[in-house]
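K.L.:
any chance you could fold what I've pasted below:
(chains A and B)
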Amino acid sequence: MKKSLRRDRLKIYGDLLSVLYYNSGAEKIVLTQIQAKINVPFDRLKKYIRETVDLGLIEDETSLKLTEQGIEYLREYEQVLNFMRRWGVVYR
Amino acid sequence: MKYLRRMPLYGIERITIEVVSAIACFILVRFLMRIYRLTRETRYLGLPLGFGFLGVSYAFSAFSYSPLFDFPNSGWMQLFVRAFAFLFLAATYYFSKSKKTPKRLWNTTLGVLTVALTTLILLTIISPQISRSDYVIYYIFARVVSLMCLCYISIHALKSTAGQSDPLTIAVPFGYILLAISQYSSLIWVVEASYLALFGGLAFRLAGLAVFIFLSYRTFPRIDKRG
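P.N.:
You can find the predicted model right below:
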């Protein structure tokens, strides 16, 4: 990720992509379920989805499928979080 | 051959160990920078900074044993830089436990540590204000500070990783404990001049760094392919 982002947003993007990726096998992804899982208000969830589409992490707002770049970002995010946990520092 | 005659006892072995330790630390810096690259939070800079300074201190140690480099102050440099490396690491762990984000406090701490290190280097090397005969006293003081920092980090890391199902989480506290034993051994070395303590300490240090590198490669197995 070239763009410098605020921490909170990075974590929300990571959680959002994680939920979308692990639910990609489901027939239909319901936004309210995502909202409950990542714990953000509905209007902000839609804003975050728009932003991730603009960043090229999600294909479009209807399919909510992760792009190659999105999968790469999610992999990096999960690896770094795991690395931090193993080093005994927590990302809050 | 001219240089080998001026070498201290076990000079080649010690230079080799110092160079290997320095390389290990710089490899760790590369891995630890990924945390900062993702989070963009300065409080996570302490880990790469700490291991970076540690690598620099090992490089200065190698210089101090090598007759090829005529830099008499490298002993002082490695002493201060290593103690500050452990202080940076301890500060990072201290600030990482807070639920609030004390960004300003962390930035101040980072600044204070940097200024203190620079001042010490200025006072001992650039414009010497400290008697060089007091080196052993400063050596013991620096090692005690390092040992205290490592004890704090080990306890913190053990607490943070306790109860986690991932078996690799024990690697980091184990690595820090090995580094703490290494610092304790160097204290015994300076007091009793025991070669067992010296080489035992160096072996513990290498083992500790090897544990960290193993953990890093296990977490990021594809780093070389992706850069």
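
K.L.:
what number of residues lie near the residue in chain A that chain B sits nearest to?
P.N.:
Ranked by C-beta to the nearest C-beta, the top residue of chain A for proximity to chain B is A:Gly88, at 3.6 Å. Bear in mind the C-beta positions are built from the backbone N, C-alpha and C, glycine included. A:Gly88 has 24 neighbours, counted by other C-beta atoms under 10 Å in any protein chain shown.

K.L.:
measure it to B:Ile153 for me?
P.N.:
8 Å (C-beta to C-beta, to the nearest Å).

K.L.:
which neighbours do those two have in common?
P.N.:
Counting by C-beta atoms under 8 Å, 6 or more residues apart in numbering or on different chains, the common neighbours of A:Gly88 and B:Ile153 are B:Tyr93.

K.L.:
the longest helix along chain A: how far from the chain's middle?
P.N.:
Counting by DSSP state H, the longest helix found in chain A is helix A:68-86. Here the centre of helix A:68-86 is set off from its chain's centre by 11 Å, with C-alpha atoms, centre = their mean, to the nearest Å.

K.L.:
isn't the residue of chain A closest to chain B up against B:Tyr152?
P.N.:
No: because the distance of 11.6 Å does not satisfy C-beta atoms under 8 Å, A:Gly88 is recorded as not touching B:Tyr152.

K.L.:
now for the two: what residues contact both?
P.N.:
B:Tyr93.

K.L.:
quick one: buried residues of stretch B:163-172?
P.N.:
By neighbour count with 16 or more other C-beta atoms under 10 Å in any protein chain shown, stretch B:163-172 contains the buried residues B:Thr169, B:Ile170, B:Ala171, B:Val172.

K.L.:
what about B:Leu32, neighbour count?
P.N.:
Residues near B:Leu32, counting by other C-beta under 10 Å, number 25.

K.L.:
mind checking how far it is from A:Arg44?
P.N.:
With distances defined as C-beta to C-beta, the gap from B:Leu32 to A:Arg44 amounts to 32 Å.

K.L.:
check A:Tyr77 too.
P.N.:
Spatial separation of A:Tyr77 from A:Arg44 under the definition C-beta to C-beta is 19 Å.

K.L.:
tell me which of those two has more neighbours.
P.N.:
With neighbours defined as other C-beta under 10 Å, A:Tyr77 and A:Arg44 compare such that A:Tyr77 has more, 21 against 12.

K.L.:
show the pLDDT at the residue minimising distance to the centre of chain B.
P.N.:
Most central residue of chain B, judged by C-alpha distance to the mean C-alpha position with C-alpha atoms, centre = their mean, is B:Leu54 at 3.2 Å. Among the per-residue scores, B:Leu54 holds a pLDDT of 95.

K.L.:
so it lies in a strand, does it not?
P.N.:
No: assessed by DSSP: H, G, I helix; E, B strand; the rest coil, B:Leu54 does not belong to a strand; its assignment is helix.

K.L.:
sec struct for the spatially closest residue to it that is not a sequence neighbour, please.
P.N.:
Sequence neighbours aside, B:Ala85 is the residue nearest to B:Leu54 in space, at 4.0 Å (criterion: C-beta to C-beta, 6 or more residues apart in numbering or on different chains). Here B:Ala85 is recorded as helix under three-state DSSP.

K.L.:
what's the local residue count around B:Ala85?
P.N.:
Counted by other C-beta under 10 Å, the residues lying close to B:Ala85 total 24.

K.L.:
in the chain, what spans have low per-residue confidence?
P.N.:
I'll assume chain A. A:1-8, A:27, A:92 (pLDDT under 70).

K.L.:
actually chain B
P.N.:
Checking chain B against pLDDT under 70 turns up B:1-9, B:70-72, B:98-102, B:127-132, B:222-227.

K.L.:
how about the residues of it by chain A?
P.N.:
B:31-32, B:34-35, B:38-41, B:44, B:47, B:92-93, B:96-97, B:99, B:101, B:156-161, B:164, B:166, B:168-169, B:171-173, B:215-216, B:219-220 (C-beta under 8 Å from any C-beta of the partner chain).

K.L.:
one step back: might one say that the residue nearest to the centre of chain B is in contact with B:Ala83?
P.N.:
No: counting by C-beta under 8 Å, B:Leu54 does not reach B:Ala83; the two are 10.3 Å apart.
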